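> structure for the following, please:
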Amino acid sequence: MPSETHEILIVDLDGTLLRSDMLFESFWSAFARDWRSPFLSVAALTDGRASLKRYLAITSAVETDTLPFDKEVIAFVQAWRESGGKTALVTASDRDFADAIAAQLGIFDEVHGSDGKLNLKGDNKALFLEERFGPKGFAYMGDAKADIPVWQRSAKAITVNASDSLRRKAEDVCENAEHLVTDTKSFKPYIKAVRPHQWLKNILVFLPMLAAHQLDNQTFLLTLLAFVCFSLVASSVYVLNDLLDLAADRAHPRKRMRPFASGSLPIAHGTWMAAGLLILGGTLAIGISPVFFLAMVIYYFLTMAYSLYFKRALVIDICVLAGLYTIRIIAGGAATGITLSIWLLAFSVFFFLSLAAVKRQAELIDSAKRGNLKASGRGYHVEDLPIISMIAIGAGYVSVLVMILYVNSPAVVELYRYPQALWGVCAVLLYWITHTVMVTHRGDMHDDPVVYAAKDRISQICMLIILGFTLAGALA
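Got it, this is the predicted structure:
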């Protein structure tokens, strides 16, 4: 608390008051708005980090009222003021962000930030504070190694969620040190960010092997490697998508708890995670085969295009989603050299178009329940619900029709001893698609229908029955 020697508390923003970093927040916000932003950011950086921060502050659209602030730090600042001390927000982030945040919180007497020319960090911040408040005339609350020069000139050092080594350094440079712990270190947010439950979708790479009844060891090993590769690249995409979708996720009642949106995982770490997972998956893909690598490249760039543009484009978005599912099947064929059946490709396109429409249907129903007329970050309005529902059920029924035509084709006789058993598969699929659309219509669908299908008891029973009919047709 304040004393005669240090009446003013200086608070850092990034990683201290805020469970995030405004440089990364503004970078990903600008990137989500304009794909050219990373290249323009490099140009701005040639004039220094302060210039980069000013460019990103101007071009981004960060909503400061949804940012993940540290409530315990806010309480500490409020207690300081209530005991008679003054407070100031002094940050290396651009002053436009600092002003907006200070106005929103209303707990600071002064606000200072980088101005496009001076990067208010490290030694620059230390000299600025010493000139303004005098030697040892302030207490400073920070969280990073760059704050050591500031603590050296402060009357009191306050660390926030600092490592043991940083605490010791703060104590070495400042006799009066206090350590504030508001968060516990955990690896769980990292696991959650890569979404291992979503790897279930990548099982589709096994479909060519199973559909062709080619079950030898070499084919299985290649398919397994393809699955691992797809999971790594897909996780890179999930991380990237979360970074690009920060604003929309924070406006969503469930998605706001995702690691990056909630602040439980630093955005800076997500940036390196996305790059590292992509490099690892790409290297593995090259080792499998050039054709498989090409399929992975197409998948990644199509996903990038979806995240940056197509997900906000009417109808195109669900077509792209269906294509991303189908690419997994194509990649499975590319990894093993299996020629894909036109029946399999036709079925997958319509079936996954149905699931993509179900996903949008669920989002619109969720928006309607919350009183929003438009799904956040999407190109649909609530009044589009009847059409989206028709697309979901229509595409699903067409996929069943393709299955029926396949059952009656000469190709099926070559693979199944008793192809008539596959009629049971058609019947179960018809039921499941209808049931899924009804569940979605009632507002009980998960954000992702594939995850819903994996957890739903009725869906699990349907999958077992389909497996039973398939085995009966192949082994009878």
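> quick check: closest non-adjacent residue to Ala126.
Using C-beta to C-beta, 6 or more residues apart in numbering and skipping the chain neighbours, the partner closest in space to Ala126 is Pro149 (4.1 Å). C-beta coordinates here come from the backbone N, C-alpha and C atoms, glycine included.
> my error: substitute Met296 in the last question.
Nearest to Met296 is Ala285, by C-beta to C-beta, 6+ apart, at 4.4 Å.
> please identify which helix or strand holds the one you found.
Following DSSP states H and E, one finds Ala285 within helix 267-288.
> contacts for that helix, please.
20-21, 24-25, 28, 190, 193-194, 222, 225-226, 228-233, 235-236, 239-240, 242-243, 246, 259-260, 292-293, 296, 300, 335 (C-beta atoms under 8 Å, 6 or more residues apart in numbering).
> mind redoing it with 6 Å?
Residues outside helix 267-288 that contact it (C-beta atoms under 6 Å, 6 or more residues apart in numbering) are 20-21, 24, 225, 229, 232-233, 235-236, 239-240, 243, 260, 292-293, 296, 335.
> what's the answer for stretch 312-323, then?
For stretch 312-323, the external contacting residues (C-beta under 6 Å, 6+ apart) are 306, 310-311, 349, 352-353, 356-357, 379.
> right, and the helix or strand after the helix holding Ala285?
Counting by DSSP H and E, the next helix or strand C-terminal to helix 267-288 is helix 290-308.
> quick one: the helix or strand just after that following helix to helix 290-308, angle?
Using DSSP H and E, the helix or strand that follows helix 290-308 towards the C-terminus is helix 316-336. Helix 316-336 and helix 290-308 meet at an angle of 160 degrees, taking axes from the mean of the first three to the mean of the last three C-alpha atoms, to 10 degrees as the criterion.
> I'd like the next helix or strand past helix 316-336.
Going down the chain from helix 316-336, the next helix or strand is helix 342-369, by DSSP H and E.
> mind listing what's buried in that following helix?
Neighbour counts over helix 342-369 (16 or more other C-beta atoms under 10 Å) mark 343-344, 346-368 as buried.
> buried residues in the helix or strand that that helix is followed by, which are they?
Using DSSP H and E, the helix or strand that follows helix 342-369 towards the C-terminus is helix 385-407. Within helix 385-407, the residues that count as buried by 16+ other C-beta under 10 Å are 385, 388-389, 391-393, 395-400, 402-404, 406-407.
> what of stretch 123-137?
124-126, 129-130, 133, 137.
> who touches it?
138, 149-150, 153, 155.
> any idea how far that stretch is from the chain center?
39 Å (C-alpha atoms, centre = their mean, to the nearest Å).
> what does stretch 186-195 give?
Centre-to-centre, stretch 186-195 and its host chain are 11 Å apart (C-alpha atoms, centre = their mean).
> same deal with stretch 415-425?
Taking C-alpha atoms, centre = their mean, one finds stretch 415-425 lying 41 Å from the centre of the chain it belongs to.
> also stretch 427-438?
For stretch 427-438, the separation from the chain centroid amounts to 30 Å (computed by C-alpha atoms, centre = their mean).
> where in this structure is pLDDT low?
In the prediction, the chain carries residues with pLDDT under 70 at positions 1-6, 371-378, 447, 476.
> how's it carved up into domains?
Here the domain assignment for the chain is 8-180, 190-475, based on automatic domain parsing.
> what kind of secondary structure is Thr87 in?
strand (DSSP: H, G, I helix; E, B strand; the rest coil).
> what lies in contact with stretch 230-249?
Contacts for stretch 230-249 (C-beta under 6 Å, 6+ apart): 28, 32, 63, 193-195, 199, 202, 205, 255-256, 258, 260-261, 270, 273-274, 277-278, 280-281, 296, 303, 307, 376-377.
> over to stretch 57-75?
Residues from elsewhere that reach stretch 57-75 (C-beta under 6 Å, 6+ apart): 17-20, 25-26, 29-30, 94, 96, 100-101, 104, 182, 247, 250, 262-263.
> in strands, which of those residues fall?
Using DSSP state E, the subset of the contacts of stretch 57-75 located in strands is Asp94.
> which of the contacts of stretch 57-75 are buried?
17-20, 25-26, 29-30, 94, 96, 100-101, 247, 250, 262-263.
> most widely separated two among the residues you listed?
Asp96 and Ser262 (24.2 Å; C-beta to C-beta).
> ok, Ala61 - how many residues close by?
Using other C-beta atoms under 10 Å, Ala61 is surrounded by 10 other residues.
> could you do Val205 as well?
Residues near Val205, counting by other C-beta under 10 Å, number 30.
> hmm, Leu225 and it touching each other?
No - counting by C-beta atoms under 6 Å, Val205 sits too far from Leu225 to count as a contact (9.6 Å).
> separation between Ala88 and Glu171?
Ala88 sits at a distance of 23 Å from Glu171 (criterion: C-beta to C-beta, to the nearest Å).
> scratch that, Val90
Going from Val90 to Glu171 by C-beta to C-beta gives 22 Å.
> what about those two, which has more around it?
Val90 (24 against 16).
> show me the contacts for Phe293.
285-286.
> check the one 10 residues further on too.
For Thr303, the residues meeting the contact criterion (C-beta under 6 Å, 6+ apart) are Val237.
> phi first, then psi, for Arg258.
With angles defined as degrees, to the nearest 10, Arg258 sits at phi -60, psi 150.
> just to revisit the earlier point, centre of the chain to the helix holding Ala285, how far?
15 Å.
> now that helix against helix 316-336, angle please.
Going by the same axes, to 10 degrees, helix 267-288 makes 40 degrees with helix 316-336.
> mind exporting the C-alpha coordinates of helix 267-288 to CSV?
In CSV, the C-alpha atoms belonging to helix 267-288 read as follows (Å, rounded to 0.1, in the frame of the first residue of the first chain):
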residue,chain,number,x,y,z
ILE,A,267,-1.4,-15.0,-27.5
ALA,A,268,2.3,-14.8,-28.0
HIS,A,269,2.6,-18.5,-27.2
GLY,A,270,-0.2,-19.3,-29.7
THR,A,271,1.7,-17.5,-32.5
TRP,A,272,4.6,-19.8,-32.0
MET,A,273,2.4,-22.9,-31.5
ALA,A,274,0.7,-22.3,-34.8
ALA,A,275,4.0,-22.1,-36.6
GLY,A,276,5.7,-25.0,-34.8
LEU,A,277,2.8,-27.4,-35.4
LEU,A,278,2.6,-26.5,-39.1
ILE,A,279,6.4,-27.0,-39.6
LEU,A,280,6.3,-30.4,-37.8
GLY,A,281,3.2,-31.6,-39.8
GLY,A,282,4.6,-30.3,-43.1
THR,A,283,7.9,-32.0,-42.6
LEU,A,284,6.1,-35.3,-41.9
ALA,A,285,3.9,-34.8,-44.9
ILE,A,286,6.9,-34.5,-47.2
GLY,A,287,8.2,-37.8,-45.9
ILE,A,288,4.9,-39.6,-46.7
